[in-house]
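Q: Got a predicted structure here, sequence first:
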Amino acid sequence: MGSPDPVRSYFERWFQALWFEGHHRWAYFFLLPLSGLYGFFSSRCSRTSVDTLPVPVVVVGNLTVGGTGKTPCTLALTAALRELGWHPGIISRGYGGYQRVPAAVLPASDPAQLGDEPVLMAGRNLAPVWVGRRRVQVAQALLRAHPEVDVLLSDDGLQHRALPRQVECVVVDGARGWGNGALLPAGPLRESLSRLATVDAVVVNCASETPPMSLFSGMAGSVMSLESSSWISLQDPNQTLPRDHFYGQSCLVLAGIGHPERFFGQLERWGIVVERRPFPDHHPYRREDLPAHLDKPVLMTEKDAIKWRRLGLTQGWYLPVDAHLEPALIQRVDTLLRTKDSHG
């Protein structure tokens with residue numbers, strides 16, 4: 001049976017423990033000077049965009065490394081803007097893929113080439129999705145192919161300074177927050193928390209109704225919850241099972257996402273006996289990553305299913321999630337877009 005790269009997995013767990021669990025304190029102080037250098041050079045390299053685009057851009061990003069829920073938030077905003085009369089398009093770096101020049105993403109596209117999250121978003125059929133190394137070029141290519149698009153949403157890209165933007169939304173994991181609050185590599189932050197003073201919204205991905213106010217750093221924010229209803233067959237999307245179908249059963253559960261423990265814990269709270277199989281985020285799965293003969297159901301996230309459905313796994317079920325956004329956030333984004341768009 002195959003397994004994820006043990007060296008990479010070890011270091012991922014080690015740094016997660018340092019950043020979010022308060023372990024390895026000796027290493028924190030050792031790495032702190034490197035964080036200072038990271039902050040110095042990143043501030044020197046950052047620049048205000050000199051590029052322009054004919055339509056407004058909403059950037060959905062984060063300050064920490066790893067998954068926070070940006071993609072579900074992007075999809076939810078896309079759906080909400082469609083209902084308000086906008087014609088959105090989605091651009092992405094396509095992390096995990098190797099596509100460099102701008103390219104359209106289709107539901108049947110190869111995630112190894114274009115990235116798992118862009119293929120997932122294309123499968124929702126909410127808006128045209130394009131990827132590429134340079135986001136401005138990707139945006140221009142999408143607009144040439146889809147002249148009806150009047151707003152762009154960038155899934156990630158908060159730190160991509162060349163991309164002009166009218167609205168910035170930062171998504172943070174309510175369970176892990178900002179970690180120890182330090183910049184890379186001593187902490188998980190890509191930018192200092194002072195950056196929050198310049199964004200338009202902080203969205204907390206949190207199951208709780210009252211996330212810690214410290215996550216907002218004094219500014220108004222909103223809560224995003226992830227909702228799911230049915231399991232979908234990996235091989236036949238028309239075959240579904242109710243969410244509680246696997247209650248009391250032992251299932252092999254895999255997750256190659258930014259925070260696998262969130263998914264494992266969720267299923268355990270639903271009464272599923274979870275045999276955990278965490279993988280690195282954007283892991284390029286092989287059939288050898290699972291036993292050749294499976295005697296129990298295999299459960300996974302929708303992001304994992306994008307890759308596994310191409311590997312001939314027949315016992316697999318995945319759980320799509322949809323983000324629920326507060327109406328005040330949607331109204332704020334719409335108002336900012338209309339105000340900033342009308343002023344050029």
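A: Nice, thanks for sending it over.
Q: Show me the domain layout of this structure.
A: Domain assignment for the chain by automatic domain parsing gives 57-86+150-226+324-342, 229-320.
Q: Of these, give the one that comes closest to R100.
A: Of all the domains of the chain, it is domain 57-86+150-226+324-342 that lies closest to R100, at 14.8 Å by Cβ to Cβ. C-betas here are computed from N, CA, C, even on glycine.
Q: ok so, going back, comparing the domains of the chain by mean pLDDT, which bottoms out?
A: Here these differ in mean pLDDT, and the lowest is domain 57-86+150-226+324-342 at a mean of 89.
Q: Give the closest residue to N62 in space, chain neighbours not counted.
A: T68 (4.5 Å; Cβ to Cβ, 6 or more residues apart in numbering).
Q: Am I right that the one you found sits in a strand?
A: No. Counting by DSSP: H, G, I helix; E, B strand; the rest coil, T68 is not part of a strand but coil.
Q: residue contacts, V105?
A: 92, 94, 114-115, 118-119, 121-122, 129-131 (Cβ atoms under 8 Å, 6 or more residues apart in numbering).
Q: Straight-line length of stretch 15-32, end to end?
A: Length of stretch 15-32, first residue to last, Cα to Cα, to the nearest Å: 13 Å.
Q: in it, what counts as buried?
A: 15-16, 18-20, 28, 31 (16 or more other Cβ atoms under 10 Å).
Q: what do you get for stretch 291-303?
A: Buried residues in stretch 291-303 (16+ other Cβ under 10 Å): 297-303.
Q: can you map out the strands along the stretch 51-200 of the chain?
A: 57-61, 88-92, 103-105, 129-131, 151-155, 167-173 (DSSP state E, counting those that start in this stretch).
Q: Now tell me what touches the longest helix along the chain from outside.
A: If you go by DSSP state H, the chain has its longest helix at helix 25-45. By Cβ under 8 Å, 6+ apart, the surrounding residues in contact with helix 25-45 are 18, 159, 180, 182-187, 190-192.
Q: Take the residues you listed and keep only those in helices.
A: Filtering the contacts of helix 25-45 for helices - DSSP H - leaves L18.
Q: Mark which of the contacts of helix 25-45 are buried, thanks.
A: 18, 159, 180, 182-187, 190-191.
Q: Tell me how far R13 lies from Q239.
A: 35 Å (Cβ to Cβ, to the nearest Å).
Q: as a whole number, average confidence for whichever strand or helix holds V7?
A: Taking DSSP states H and E as the definition, V7 sits inside helix 6-20. Confidence for helix 6-20, expressed as mean pLDDT, is 85.
Q: Just want the angle from it to helix 25-45.
A: 90 degrees (axes from the mean of the first three to the mean of the last three Cα atoms, to 10 degrees).
Q: helices and strands around helix 6-20, which ones?
A: The contact analysis (3 or more Cβ pairs under 8 Å, 6 or more residues apart in numbering; DSSP states H and E) places helix 6-20 against no helix or strand.
Q: what about the helices in the chain?
A: According to DSSP H, the helices that the chain contains are 6-20, 25-45, 70-83, 111-114, 116-123, 135-145, 260-269, 302-308, 327-342.
Q: list the helices and strands the fifth one packs on?
A: Using 3+ Cβ pairs under 8 Å, 6+ apart as the contact criterion, the neighbours of helix 116-123 among helices and strands are helix 70-83, strand 88-92, strand 103-105, strand 129-131, strand 151-155, helix 302-308.
Q: for the longest one, which positions count as buried?
A: When you say that, I think you mean helix 70-83. 70-81.
Q: quick revisit: what mean pLDDT does the longest helix of the chain have?
A: Helix 25-45 comes out at a mean pLDDT of 89.
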